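Enquirer: output the structure for:
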Amino acid sequence: MGLRRLAAGLALWACACASLAATVSFADLARHPQYQEVKISPDGQYIAATAVVKNQTVLALIRIADLRGVTVHQRAQADVIDFWWVSANRVIYTEGVHDSNYEVPLADGQLYAVDADGGHTSLLYGYGSDRPYLGDAGLIATIPDDPLHVLVEVTNYVSATKDGTLPKVEKMDVRYGSMEKVVDAPMRDPVFIADHKGNIRLAWGEDEDGNIHDYRLDADGWQPMPDLGVKRDVPIGFNSDDTLAYFDCNVSSGFGVCAWDPSTQRMTPVWTNRKVDDAGLMRGSAEDRFIGVAFEDGRPGIALFDSHSEDAKLLIGLMQQFPGESVGFVSATRDGSRAIVKVDSDIDPGTFYLYDRATRSLKPLLHNAAWIDPAHMASKQPFEFAARDGLRLQGYISYPPGLENAKGLPMVVYVHGGPYGVRDTWDYDPDVQAVATRGYAVLQVNFRGSGGYGYEFEKAGWMQWGGKMQDDVTDATRWAIAQGIADPNRICIYGASYGGYAALEGAVKEPDLYKCAIGYVGVYDLALMYKRGDTPQTNYGKKFLERVLGTDSAVLAQHSPIDQLDRLKAKVMLIVGGQDPRVPPIQGENMHDALKRMGIAHEWLYKRKEAHGFNKEENVAELYAKVDAFLDANIGPGAGAPATASASASAAASH
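Expert: Numbers count the residues shown, from 1 in each chain. Predicted coordinates for the structure are as follows:
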């Protein structure tokens, strides 16, 4: 009877998988979002958006009256990284190039400007401009009463050391790029906070030992705020009339957002939560207005400062139109007459809407990924459990569409990277969807060390690579088995960066738990982190590694997967980017060679021109397909079938 039930269950699962596989292609999941960010001009006449055109992220400028627009000409192979309306008719933007960078391009430190109609494009700061190019520049704030100028942070390569850089705040002309110094930085690599009038008021930074330093600027220059630094309170913005500054703050009841009064220098909590940290201030329907605090305790939540305010009532009304989705203002005009509203969820990549206060209308404008049908996506279900030492942990289970709350599913444990300060969230994630829509439950857990749960929770992950952080992943896996969600004989562990480390470390630490392990741009030799990659190139990076890894070579070897392959039982797949500056390809190549020396067949996917996470759509689609084939051969209906390619054949083809 039990065998009949098992056979029936497997048949049902196989049928479900066959129908699931036809719902969304890997090519569609691998496509870059069409519209990534949308911002409205201060007068509400135009919108600017980053859009993907022929595999390049460009700046699109659209007139709202007739939805006619232009795309801004930019350098070949360059992507627009970010942009800002600095007046009703002028946009500043910055670009980046993928060549040997990360999964997304990094800003190149140059600033460009263009008019709302696409005219008068100019290089304000950078190579080839009329001004000396000292180092990278980035926008800090606009100056609403002075539309011809903005505040920018400019580093100086001459002053750069392994301890960081000492930037200056400059007042820049948005037409010609000429600059006038405002103030020097109070420390290396700070974050500057300006008020809504364009005045630098606060700054904070972290030194190489991980200590927080806060500063306020008055007529006598920068003044340290040591009491706040000790508590790790950091400024995040000002209220609409600039009479109060908001801080991320630690309170006796857990975590909070506090209002700091400059006149009394007193801090007052305006939001607290005993379990989770805030996820930022919530914007209102006017440019300079914050109406509450966002947080994520399982699903996204909001806490409004005044639930009876006009903006609060408006937001609540909008949320009621989109039950089960996340709704928020992402950009607004100066007078609050129009705003951009984004609606998204775990199954919906998102749509940008235009809200018009005069007509009280909400109209769809642009889709993040219109080719994705939410009805065919896998939903994320939050869960919470206690680790073996009693620490409460949160995570998500994504069920295959049509198999919500099913039991005995094959499961992939998907471990996030970072690991510190990074967390899994309730959002649309194409990497998760690429697995879950093929019939696998996907488990994600915010192990100790993850972000979003306060500094002490993050610090609890220090010195725990292969230790308690790994045990948290193991405990989450066993929790899913105990709940009946996962078939204990069909579990694979998968992750990128630190997640790639955790996948292989999990396979050697728990050899009977995982049938397969997929390491994607992962670390496999902890000692090598001190010698290769961009982290040890600065004093801050070296000190960070010492804090979180330690320097005991025996301990590092004990927790390095490459030194524990004699315990390995799981089938292995390695995915490597040949231009990865964070986790250099030597990490994956050494593991590849070690497995070959031991005669352990494994899958090997190497892309010479990719970096710390694949970016080209065709390469991402190929990755999804090969991961799916590997899962199918090891924990899917095809488990036990021959591998798709031998390690040696794959290696020969990729090199």
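
Enquirer: list the contacts of the residue most central in space within the chain.
Expert: Ranked by distance to the mean C-alpha position of the chain (Cα atoms, centre = their mean), the top residue is V422 at 7.4 Å. Taking Cβ atoms under 8 Å, 6 or more residues apart in numbering, we find V422 in contact with 416, 450-451. Quick note: C-beta positions are derived from backbone N, CA and C, even for glycine.

Enquirer: at 10 Å what do you get?
Expert: Applying Cβ atoms under 10 Å, 6 or more residues apart in numbering, we find V422 in contact with 416, 446, 449-452, 458, 497-499.

Enquirer: which of those residues sits closest to R283?
Expert: Closest to R283 out of the contacts of V422 is G452 (19.8 Å), distances taken as Cβ to Cβ.

Enquirer: need the pLDDT of the closest residue to the closest one other than its chain neighbours.
Expert: For G452, ignoring the flanking residues on the chain, the nearest one in space by Cβ to Cβ, 6 or more residues apart in numbering is R423 at 4.3 Å. Here, the pLDDT recorded for R423 equals 96.

Enquirer: so who does A621 touch?
Expert: Contacts for A621 (Cβ under 10 Å, 6+ apart) come out as 25-31, 434, 614.

Enquirer: please flag which of the residues you listed sit within helices.
Expert: The helices, defined by DSSP state H, take in 26-30, 434 from the contacts of A621.

Enquirer: G138 versus G126, what's the distance?
Expert: Going from G126 to G138 by Cβ to Cβ, to the nearest Å gives 12 Å.

Enquirer: what is in contact with these two at once?
Expert: By Cβ under 10 Å, 6+ apart, the residues touching both G126 and G138 are 94, 109, 111.

Enquirer: let me see the ranges of the helices in the stretch 251-400 of the chain.
Expert: Assigned helices in the stretch 251-400 of the chain, in chain order: 310-321 (criterion: DSSP state H, counting those that start in this stretch).

Enquirer: looks like the residue nearest to G452 contacts E296 (just checking).
Expert: Yes: counting by Cβ atoms under 10 Å, R423 sits close enough to E296 to count as a contact (8.1 Å).

Enquirer: so for the two, which residue has more residues nearby?
Expert: Using other Cβ atoms under 10 Å, the more surrounded residue of R423 and E296 is R423, with 24 against 21.

Enquirer: returning to that earlier point: give the contact list for the residue nearest to G452.
Expert: 276-277, 279, 296, 394-395, 416, 444-447, 449-453, 457-458.

Enquirer: in strands, which of the residues you listed fall?
Expert: The members of the contacts of R423 that map onto strands under DSSP state E are 279, 296, 394-395, 444-445.

Enquirer: show me which of the residues you listed are buried.
Expert: Using 16 or more other Cβ atoms under 10 Å as the burial test, those include 279, 296, 394-395, 444-445 as buried.

Enquirer: tell me the one of these nearest Q579?
Expert: Using Cβ to Cβ, these come closest to Q579 at Q444, 27.7 Å.

Enquirer: for the nearest residue to V234 once chain neighbours are set aside, helix, strand, or coil?
Expert: Counting by Cβ to Cβ, 6+ apart, W204 is the residue found nearest to V234 once chain neighbours are left out, at 4.7 Å. Recorded secondary structure, W204: strand (DSSP: H, G, I helix; E, B strand; the rest coil).

Enquirer: would you check that W204 makes contact with N211?
Expert: No: using Cβ under 10 Å, W204 makes no contact with N211, being 11.1 Å away.

Enquirer: list every C-alpha atom in stretch 201-213, with coordinates, as CSV.
Expert: Extracted in CSV, the C-alpha atoms of stretch 201-213 (Å, rounded to 0.1, in the frame of the first residue of the first chain):
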residue,chain,number,x,y,z
ARG,A,201,24.4,68.3,8.1
LEU,A,202,25.6,64.8,9.1
ALA,A,203,28.1,62.1,8.1
TRP,A,204,29.0,58.6,9.3
GLY,A,205,31.4,55.9,8.5
GLU,A,206,33.0,52.6,9.7
ASP,A,207,36.7,52.4,10.4
GLU,A,208,38.9,49.5,9.6
ASP,A,209,38.1,47.8,13.0
GLY,A,210,34.4,47.9,12.3
ASN,A,211,33.6,50.8,14.7
ILE,A,212,30.9,53.4,13.7
HIS,A,213,31.7,57.1,13.9
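
Enquirer: distance from the chain centre to it, please.
Expert: 22 Å (Cα atoms, centre = their mean, to the nearest Å).

Enquirer: how about stretch 353-373?
Expert: Distance of stretch 353-373 from the chain centroid (Cα atoms, centre = their mean) equals 24 Å.

Enquirer: quick one: mean pLDDT for that stretch?
Expert: Average pLDDT, stretch 353-373: 95.

Enquirer: quick check: end-to-end length of it?
Expert: 18 Å (Cα to Cα, to the nearest Å).

Enquirer: give me the neighbour count for K54.
Expert: Neighbour tally, K54, other Cβ under 10 Å: 5.

Enquirer: so how far is S361 from it?
Expert: Counting by Cβ to Cβ, the separation of K54 from S361 is 33 Å.

Enquirer: try D306
Expert: Plainly put, D306 is 25 Å away from S361 if you go by Cβ to Cβ.

Enquirer: what's the answer for D242, then?
Expert: D242 is 32 Å from S361, where distance means Cβ to Cβ.

Enquirer: who has more neighbours out of these two?
Expert: Set side by side, D242 and S361 show more neighbours around D242, with 15 against 10, by other Cβ under 10 Å.

Enquirer: now Y355: closest residue in space that isn't a chain neighbour?
Expert: Nearest residue to Y355 in three dimensions, chain neighbours excluded: A339, at 4.7 Å (Cβ to Cβ, 6+ apart).

Enquirer: verify the stated contact: that neighbour with G284.
Expert: Yes: using Cβ under 10 Å, A339 is in contact with G284, at 8.3 Å.
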